[in-house]
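Asker: sharing a model prediction with you, sequence too.
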Amino acid sequence: MTVTVPGPTLGVVGGGQLGRMLAEAAAPLGVEVVVLDPTPDCPAAPVARDQIVGDFDDPDAFAEFAARVDAVTFEIELADADLLARVADEHGVPVDPAPETLRTIEDKLVQKRTLADAGIPVPPFRRVDDADDLRDALAEFDAVMLKARTGGYDGRGNVPVSDPDDAEAAMDAVGGPAMAEAFVDFARELSVIAVQGDGEVRTFPAGENVHEEEILRETILPARTTEAVLERAEGVARDVLDTLSGRGVFGIELFETRDGEIQVNEIAPRPHNSGHWTIEGARTSQFEQHVRAVLGWPLGSTRLRCPTVMTNLLGTVDEPRPARLGNVEAVLGDPNASLHWYGKAEVRPLRKMGHVTVTGDGERDRDANPLAHARELREAVRFEHPDE
């Protein structure tokens, strides 16, 4: 594709916070964005060129969508892979990453089998269809992370299990066919944001992820580990890309084991929450990289600018309700902090409503990592409810 400005119109299936940030990154490149999402006035709508309101499996909405854009990508795994393939085959609109990649990744069991068959290190796993299968997995692995094969996100659909007496309840919690993965006693969780372009591959430095209740709370750059581990993580990420088809950004979640080895946890075929730090902390954000990659344009630099910490702003209420963020002066008045609000109309328990990024001084000074500062700012802001 020839690079011109103004450029083509990019279609994005999904209009959540990732679609919003993709549209924000596309605009300076002269690229307009049209999103397809079932929620009217979705978070991406205010910054995208237009929104087509339609379900992710609505063929009529996809046909209208394909007629409006020059290339298609997706920001959510709920996108229908068959309809994406139809966009490419019947409408002649390129789709990246490839629909077959989505088919591989959206089923966690298929994803793990693909990686294992390619010789990529993963934790031991097995298929689980019922409580008896889960008890067999516990007998083999002792403790497991039970994962719904499809539909899980942000920790939902993941249940840690160690007691066979909990098998029925765990299967009910995931709600269908699942995969049991041997519980990994890891030293830390890492992620590499990797980019497959038109004949080129680039990786961002590995970030260190901190989770609570299976939800990402913060990502820390540089990761607090050895250079050997960081190099190994990058190498594994590049091996992962060799197993997948199509261009774009991939979020690759990893475990660093106690002996310094790397195992792949999960893959997202799109920009990833653990890559939000790149907006302020890298030369080119993961969102701009994704736009460049899926359009076949040259990729940007992935160099780390300075120590950076991203911390999520999660919903703290017991039930869904309208909300806005208060005391934002704590962030906006800080010269090293940046606020990102996702435009969601309703706050829900542990829902990702936005994030704060704090940058440090000194490009590779590990002691300058602003983790404590980021946590202070996260605690300073609060949710306010206009109906109170």
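Answerer: Great, that's in hand.
Asker: what are the buried residues along the longest helix anywhere in the chain?
Answerer: Determined from DSSP state H, the single longest helix within the chain is helix 227-242. Under the neighbour-count criterion of 16 or more other C-beta atoms under 10 Å, helix 227-242 has 229-230, 232-234, 236-241 buried. The way it works is simple: take the backbone N, C-alpha and C, and place the C-beta from them, glycine included.
Asker: check stretch 337-345 too.
Answerer: The neighbour-count criterion (16+ other C-beta under 10 Å) identifies 337-340, 342-344 as the buried residues of stretch 337-345.
Asker: how far does it sit from the chain's center?
Answerer: 17 Å (C-alpha atoms, centre = their mean, to the nearest Å).
Asker: what about that stretch, average pLDDT?
Answerer: Across stretch 337-345, pLDDT averages out at 94.
Asker: restricting to C-alpha, output that stretch in PDB.
Answerer: Taking Å, rounded to 0.1, in the frame of the first residue of the first chain, the C-alpha atoms of stretch 337-345 are listed here in PDB:
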ATOM      1  CA  ALA A 337       1.900  12.000  34.800                       C
ATOM      2  CA  SER A 338      -0.700  11.500  32.100                       C
ATOM      3  CA  LEU A 339      -4.400  10.700  32.400                       C
ATOM      4  CA  HIS A 340      -6.400   8.500  29.900                       C
ATOM      5  CA  TRP A 341     -10.200   8.300  30.400                       C
ATOM      6  CA  TYR A 342     -12.000   5.700  28.300                       C
ATOM      7  CA  GLY A 343     -15.400   7.400  28.000                       C
ATOM      8  CA  LYS A 344     -17.400   4.600  29.400                       C
ATOM      9  CA  ALA A 345     -20.900   5.800  30.600                       C
END
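Asker: would you confirm that residue 178 contacts residue 146?
Answerer: Yes: counting by C-beta atoms under 8 Å, residue 146 is a contact partner of residue 178 at 5.4 Å.
Asker: which neighbours do the two share?
Answerer: Common contacts of residue 178 and residue 146 (C-beta atoms under 8 Å, 6 or more residues apart in numbering): 128, 134, 171.
Asker: and of the residues you listed, the nearest to residue 45?
Answerer: Nearest to residue 45 among those, counting by C-beta to C-beta, is residue 171 at 38.0 Å.
Asker: OK, contacts around the closest one?
Answerer: Residue 171 touches 128, 130-131, 134, 146, 178, counting by C-beta under 8 Å, 6+ apart.
Asker: can you check residue 19 too?
Answerer: Per C-beta under 8 Å, 6+ apart, neighbours of residue 19: 12, 33, 35, 37, 42-44, 48, 75.
Asker: ranking the residues you listed by neighbours, who comes first?
Answerer: Tallying neighbours with other C-beta atoms under 10 Å puts residue 12 at the head of the contacts of residue 19, with 33 neighbours.
Asker: what about the helices in the stretch 151-300 of the chain?
Answerer: Secondary structure of the stretch 151-300 of the chain by DSSP state H, counting those that start in this stretch: the helices cover 167-174, 227-242, 278-281, 286-294.
Asker: of all these, which one is nearest residue 377?
Answerer: Across the helices of the stretch 151-300 of the chain, closest to residue 377 is helix 278-281 (C-beta to C-beta), at 13.4 Å.
Asker: tell me the helices and strands packed up against the closest one.
Answerer: Secondary-structure packing of helix 278-281 (3 or more C-beta pairs under 8 Å, 6 or more residues apart in numbering; DSSP states H and E): helix 286-294, strand 308-314, strand 337-341, strand 352-359.
Asker: just the buried residues from the contacts of residue 171, in PyMOL please.
Answerer: Listed next is the PyMOL selection for buried residues among these, using 16+ other C-beta under 10 Å:
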select buried, resi 128+131+134+146+178
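Asker: which one of the contacts of residue 171 is nearest residue 63?
Answerer: residue 178 (34.4 Å).
Asker: give me the spatial nearest neighbour of that closest one, chain neighbours excluded.
Answerer: residue 128 (4.6 Å; C-beta to C-beta, 6 or more residues apart in numbering).
Asker: output stretch 247-255 as CSV, nothing but the C-alphas.
Answerer: Extracted in CSV, the C-alpha atoms of stretch 247-255 (Å, rounded to 0.1, in the frame of the first residue of the first chain):
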residue,chain,number,x,y,z
ARG,A,247,0.1,-8.0,10.3
GLY,A,248,-0.5,-6.0,13.5
VAL,A,249,0.3,-5.8,17.2
PHE,A,250,0.2,-8.8,19.4
GLY,A,251,0.2,-8.7,23.2
ILE,A,252,2.1,-11.7,24.4
GLU,A,253,1.8,-12.5,28.1
LEU,A,254,4.6,-14.5,29.7
PHE,A,255,5.6,-16.2,32.9
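Asker: quick check: pLDDT value at residue 304.
Answerer: At residue 304, pLDDT is 97.
Asker: so it bridges to which residues?
Answerer: residue 282 (DSSP bridges).
Asker: that one touches residue 282, doesn't it?
Answerer: Yes: checked against C-beta under 8 Å, the pair residue 304 and residue 282 is within contact range at 6.1 Å.
Asker: okay, and the common contacts of the two?
Answerer: By C-beta under 8 Å, 6+ apart, the residues touching both residue 304 and residue 282 are residue 204.
Asker: looking at the two, which one has more neighbours?
Answerer: Shown here are residue 304 and residue 282; by other C-beta under 10 Å, residue 282 has more neighbours (24 against 19).
Asker: OK, contacts around the more buried one?
Answerer: By C-beta under 8 Å, 6+ apart, the neighbours of residue 282 are 204, 301-305.
Asker: excluding covalently adjacent residues, which one is nearest to the spatially most central residue of the chain?
Answerer: Nearest to the geometric centre of the chain sits residue 272, at 2.3 Å (C-alpha atoms, centre = their mean). Closest residue to residue 272 apart from its sequence neighbours, by C-beta to C-beta, 6+ apart: residue 251 at 2.4 Å.
Asker: likewise for residue 180?
Answerer: Nearest non-adjacent residue to residue 180 (C-beta to C-beta, 6+ apart): residue 137, at 3.7 Å.
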